[in-house]
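Predicted model and sequence follow; I will ask about them next.
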Amino acid sequence: MKDFDSLVGIWNEQKTAPKLDYKEIITQYKKSRNKLSSKILTELLAMVIAMFVIAYLAFKIDFELWTSYFGLVTIFGCGAYFTIIQIINLKRINNSNTLFDKPQGHIAFIKKFRKQRYTQHTRNYNVYTLALSLGTGLFFIEMVYKLGSLYVIIVACATLAWFAIYYFYFLRNYIRKEDEKFQEMIDDLERLDKQFKDLD
Amino acid sequence: MSEKEQAFQEIFKANSKKIYHLCLGYAGDSDAANDLLQETFLKVWQNLEKFRNQAMISTWIYRIAVNTCLTYLKKEKRTAKDELTPNIIETVEEEVSEKNEQVEILYKCISQLDENERIIITMVMDEIPYPEIAEISGISEGNLRVKIHRIKHKLTELYNQHERL
């Protein structure tokens, strides 16, 4: 039978030590910062190219129907929304310095943040997909007249099929998995929150 | 070496071992503990300027470590309540001595406590003063003393049960 002081004695005898040194941490920091910067830069570059292509189509091609312009603006808007959301998220993570908060405050922040991310990943993705489908659909209306119906029907069917597969299979699957993952995370955070509240 | 790197080196040297104990007690395996330690000190490096004029740097580092541990993702908490991995105790000798076995049992028992209990008890065993533990965990000293009394009893019971097996 051992008492607590004996356990402290065992604890003090331990030879456990971290496998890290301070230089590795500094190197890791610089590496992740560079990785993040290049990821953001690549995303922004891809978005600039996409915007340029859409603007080129809108200004250089003389569309006859308003639906084509409206479709392009909608697609443009979806792209802009996606980029802005990414930037907002990134800024929120960088500015949300709750590390120095009491554990209860930090848990509350993470819980709120995860819930927001969940909404964004589920409901907002639905709206985003629908808007993108609508924009593409509107754009194809004029193509029917310009490129011939057979060509457009093939392209439109392929696009619609892709959206249907994406919406009914991939997105739903993704939402279900996200839901399970987030629920588990939130349950965990709530349990922790309760542990700290029990002390008061 | 820049002034910032030098300051960081000193902070790391003074605190890393105890923070590692906290992470190991929380996560239950050395890989996860090293990940948590790295994540904690990455945040310390990022916020080093804010630490400069703080009297109790260790308190803030502990606070960061506790917050990092508590919100560590589930997938990384893989062995928290399961069997400990064989490499949990890094032994100098090839043979596992009796003392190492005792340390291993102790970590196994800590991993069976609730998350906040794991955090508090590792700080108690590393002899962090009670007012500092209260400051780190954000609870009153009175409540903390009651809690510590309960955890000590629970851990001792768990340890003695394990030793009898």
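Looks like it came in fine.

Next, name the residue at the spatial heart of chain B.
B:Leu22 (0.2 Å; Cα atoms, centre = their mean).

list the contacts for A:Ile107?
A:Leu189, A:Leu192, A:Asp193, A:Phe196, B:Leu70, B:Thr71 (Cβ atoms under 8 Å, 6 or more residues apart in numbering or on different chains). C-betas here are computed from N, CA, C, even on glycine.

for those, which one is nearest B:Ile120?
Nearest to B:Ile120 among those is A:Phe196, at 10.6 Å by Cβ to Cβ.

State the pLDDT value of the closest one.
If you check A:Phe196, the pLDDT there is 75.

now B:Gln46
On the pLDDT scale, B:Gln46 gets 84.

Spatially nearest residue to it, not counting backbone neighbours?
A:Tyr29 (7.0 Å; Cβ to Cβ, 6 or more residues apart in numbering or on different chains).

Check B:Tyr26 too.
B:Tyr26 sits nearest to B:Cys69 (Cβ to Cβ, 6+ apart), 4.4 Å away.

Check A:Met1 too.
Closest to A:Met1 by Cβ to Cβ, 6+ apart is B:Asn160, at 5.6 Å.

for B:Arg145, same thing?
B:Arg145's closest residue in space is B:Tyr130 (Cβ to Cβ, 6+ apart), at 6.7 Å.

my guess is the one you found contacts B:Lys147, does it?
No: look at B:Tyr130 against B:Lys147 with Cβ atoms under 8 Å: they stay out of range, at 10.7 Å.

mind listing the helices in the chain by residue range?
Using chain A. With DSSP state H, the ranges of helices along chain A come out as A:4-13, A:22-60, A:66-95, A:103-121, A:123-147, A:149-165, A:172-197.

that answer is for a different chain, and I need it for chain B
B:3-27, B:30-46, B:48-51, B:57-70, B:98-110, B:115-125, B:130-137, B:141-164.

Let me know the pLDDT of the residue nearest to A:Asp3 when sequence neighbours are not counted.
Closest residue to A:Asp3 apart from its sequence neighbours, by Cβ to Cβ, 6+ apart: B:Thr156 at 6.3 Å. Here, the pLDDT recorded for B:Thr156 equals 96.

Which pLDDT value goes with the residue in chain A that chain B sits nearest to?
When you check chain A against chain B by Cβ to the nearest Cβ, the closest residue turns out to be A:Lys102, at 2.8 Å. At A:Lys102, the predicted lDDT confidence score is 83.

Show me what counts as buried in stretch B:98-108.
Buried residues in stretch B:98-108, counted by 16 or more other Cβ atoms under 10 Å in any protein chain shown: B:Asn100, B:Gln102, B:Val103, B:Glu104, B:Ile105, B:Leu106, B:Tyr107, B:Lys108.

okay but the third one is in contact with A:Gln14, surely?
Yes: judged on Cβ under 8 Å, B:Val103 makes contact with A:Gln14 at a distance of 4.5 Å.

With distance to A:Ile49 as added columns, please give the helices of chain B in a markdown table.
Output for those, formatted as a markdown table (distance: least, Cβ to Cβ, whole Å):
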| stretch | distance to A:Ile49 |
| --- | --- |
| helix B:3-27 | 38 |
| helix B:30-46 | 32 |
| helix B:48-51 | 38 |
| helix B:57-70 | 38 |
| helix B:98-110 | 53 |
| helix B:115-125 | 47 |
| helix B:130-137 | 49 |
| helix B:141-164 | 57 |
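
What is the neighbour count of residue 61?
In the absence of a named chain, this looks at chain A. Look at A:Ile61: counted by other Cβ atoms under 10 Å in any protein chain shown, it has 11 neighbours.

meant chain B, my bad for not saying
So B:Ile61, with other Cβ under 10 Å, has 26 neighbours.

No further queries at this time; thank you.
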